[in-house]
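>>> build me a model from this:
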Amino acid sequence: MSEEDYSEEEYEYEYSDAESDAGTDDVSMDARSQEGEDDDDDDESMTDTNNNNNNSKKKAASDNGSSNGTNKRRSTGSFDSRRRSGDNPNAAPMGGGKFDFDDGSGIRMLPADELKPIMTAQIQEATEVLGVPPSAATVLMREHKWAKERLFQGFFDNPEKVEQKCGVLARCGGGGGNEGGGESGSKAAKRTRAGTKKKHCEICLDEDGFDADEMIGMPCGHEFCETCWYGYVANALEKGPLCVRESCPQAGCKELITEEEVERAAPDLLPKFETYQLRSFVETYGMTRWCPGPGCGQVAVAPGSGGVFADAGGVACCDKCETCFCLKCGEEPHAPVTCKDLAMWQEKCRNESETANWILANTKPCPKCSSRIEKNQGCNHMTCSSCRYEFCWICMGDWAAHGANTGGYYKCNKFDAGAEGDDQSDAAKAKRELDRYLHYYKRYHNHSQAQDFAKKALKETEARMVLLQEQNTDTVWTDVEFLKTANEQLVECRKVLKYTYCYGFYLLDAEKRQRFEYHQEMLERFTENLSELSEKPLRDMNRTEVVNQTRVVDRFMKNILEYVDNGMED
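Next up, the predicted model:
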């Protein structure tokens, strides 16, 4: 990409209202229709699966009854039968009402409640493949971050080790407790107690004791009274999402409580516990991410099955709160910098020894008369109200030196490594590194502030649009909408420019950095031109000029991002 490729004349063309309406597709109805078809198919599939499951359970019971000395662990038997039949033990079971997100519809924003079917399908699959109770399958999947392949591989290599590590050894029938250690979770929690001997609760130590039906037991064999159980569950829920990892009340016991114990001890608290289970699923499943918008409960769901948004790698926009965010890290879209570099940059900026906030105060002295000046708009072309001196807010240099006839716009965006000097002492190296950091951080911070100014101006744009329409009685709303479009483009450009300095800080290749800084300078030039045009008084504003400059900036911004994605190779 050369300077000739991006001359301003190349981008300018006459505005056409017809062009602004082109390229708008509405796929929401198609997606909804597809969902409806999928739901119908799922209902039929689930009916078949339930019938198959009932037949399988009857057959398994018959086989267990006719076998002597057979291991009671259902998971091992299930694995052996799959191995004998030549089936892949890691393969998903056939049938079932699986909630399908891999329908080619791309990133989808859904309410959290609509993710229950996919969580249920994952649990059902783990239950059938591993041969464990659903409550145990939920814990096993959660502890493996819902990566079923990794769980299946580890489980079949050493089932007891995995169960013990996840806290479901007794629930799966592989460990003994004080009593009934071989029972499944549902049987232990709901079993019928025999005998009339009073039992003692190890929590309240009531002297009179309790009847058997007043005690609730865990699969590990530890029993406690209903009152103490209710208090224990209520206290666990006070911990928030961590309640799903709460273990048996018995000191030293690592068996985890599940929805079975919560349902028996505190049925009124079960919905809250299940809500935390769903929240844990969203936060640990590799293909979902909460919308970071304040108070928004929408969830972004990525297509494909690669996990950790392997097939997405892009940006999600919430249709409820209109928040856009990066799918991988949850931050605002930050092209061209990667999530890893952005995390390092943010950590560096949090370091008090390098941020030097006192250098980046909100006011700066005028280079000519030293009057304190506060920047209250996005444009970097400053004019001192006292002496009328015009200068650049970034480098504090004379604005006349920033014209097209004086070497190009914004040469101050480049870090001059040749000015570092030859001193190789540790102190000199530390100072040079700090100066280099401050060079990029000050410009990063400046564009961040300009982005905030542009967002503020965007909120005020509608009032200006109404005023502009009133001044021209022959105009309609679409004739003044260009002003809103220009401000939206400024917000986007300021955001991209902000992250170009983060990207440039970690770009060590000198040749690539030189090419990158040239295109960065061009983008700053176009953005500053658009900023000045959009901040003019309404009576001096040229609609065609603003529309053309908006499109110039938009096209160049997309090209430079594509250029970086392609490795900046000519």
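
>>> which residues in the stretch 401-550 of the chain form helices?
According to DSSP state H, counting those that start in this stretch, the stretch 401-550 of the chain carries its helices in the segments 426-471, 477-480, 482-505, 510-534, 543-565.

>>> tell me the most buried of these?
Most buried of those by mean neighbour count (mean count of other C-beta atoms under 10 Å) is helix 482-505; its value is a mean of 22. Placement of C-beta: from N, CA and C, glycine included.

>>> do you know which of the helices of the stretch 401-550 of the chain lies nearest Thr258?
For those, the distance to Thr258 is smallest for helix 482-505, at 44.2 Å, taking C-beta to C-beta.

>>> next, Lys368: secondary structure please.
When the structure is reduced to helix, strand and coil (DSSP: H, G, I helix; E, B strand; the rest coil), Lys368 reads as coil.

>>> and the nearest residue to it once chain neighbours are set aside, how far from Gly217?
The shortest distance from Lys368 to any non-neighbouring residue, by C-beta to C-beta, 6 or more residues apart in numbering, is to Tyr389 (4.1 Å). The gap separating Tyr389 from Gly217 is 83 Å, by C-beta to C-beta, to the nearest Å.

>>> more neighbours: which of the two?
The residue with more neighbours, out of Tyr389 and Gly217 and counting by other C-beta atoms under 10 Å, is Gly217; that gives 26 against 17.

>>> picking that back up, Ser280: which of the helices of the stretch 401-550 of the chain is closest?
In terms of C-beta to C-beta, the element of the helices of the stretch 401-550 of the chain nearest to Ser280 is helix 482-505, at 31.7 Å.

>>> picking that back up, and the residue nearest to Lys368, what are its phi and psi?
Note on Tyr389: backbone dihedrals following degrees, to the nearest 10 are phi -80, psi 130.

>>> contact partners for it?
If a contact means C-beta atoms under 8 Å, 6 or more residues apart in numbering, then Tyr389 has Cys366, Pro367, Lys368, Cys369, Thr383 as its contacts.

>>> among these, which one is most surrounded by other residues?
Among those, where neighbours are counted by other C-beta under 10 Å, the top count belongs to Cys366, at 19 neighbours.

>>> what about the stretch 401-550 of the chain, any weak spots by pLDDT?
Under the criterion pLDDT under 70, the flagged ranges of the stretch 401-550 of the chain are 403-411, 413-428, 468-469, 472-479.

>>> kindly reformat the helices of the stretch 401-550 of the chain as a markdown table containing distance to Asp213.
Formatted as a markdown table, the helices of the stretch 401-550 of the chain follow (distance: least, C-beta to C-beta, whole Å):
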| stretch | distance to Asp213 |
| --- | --- |
| helix 426-471 | 63 |
| helix 477-480 | 72 |
| helix 482-505 | 63 |
| helix 510-534 | 74 |
| helix 543-565 | 67 |
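
>>> quick one: closest of the ones you listed to Asp341.
Using C-beta to C-beta as the measure, helix 482-505 is the one of the helices of the stretch 401-550 of the chain that comes nearest Asp341, at 6.7 Å.

>>> between helix 543-565 and that closest one, find me the angle.
For helix 482-505 against helix 543-565, the angle between stretch directions is 30 degrees (axes from the mean of the first three to the mean of the last three C-alpha atoms, to 10 degrees).

>>> just the helices from the stretch 201-350 of the chain, written as ranges.
Counting by DSSP H, counting those that start in this stretch, the stretch 201-350 of the chain forms helices over residues 226-237, 259-265, 270-284, 339-350, given from the N-terminal end onward.

>>> what packs against the first one?
This points to helix 226-237. In terms of contact count using 3 or more C-beta pairs under 8 Å, 6 or more residues apart in numbering; DSSP states H and E, helix 226-237 is assigned the packing partners strand 215-217, helix 259-265, helix 270-284.

>>> may I have the strands that pair with the first one, each with its orientation?
With DSSP bridges as the criterion, the sheet partners recorded for strand 215-217 are strand 223-225 (antiparallel).

>>> where does the prediction get shaky in the stretch 101-250 of the chain?
Residues of the stretch 101-250 of the chain that meet the cut-off, pLDDT under 70, sit at 101-105, 174-196.
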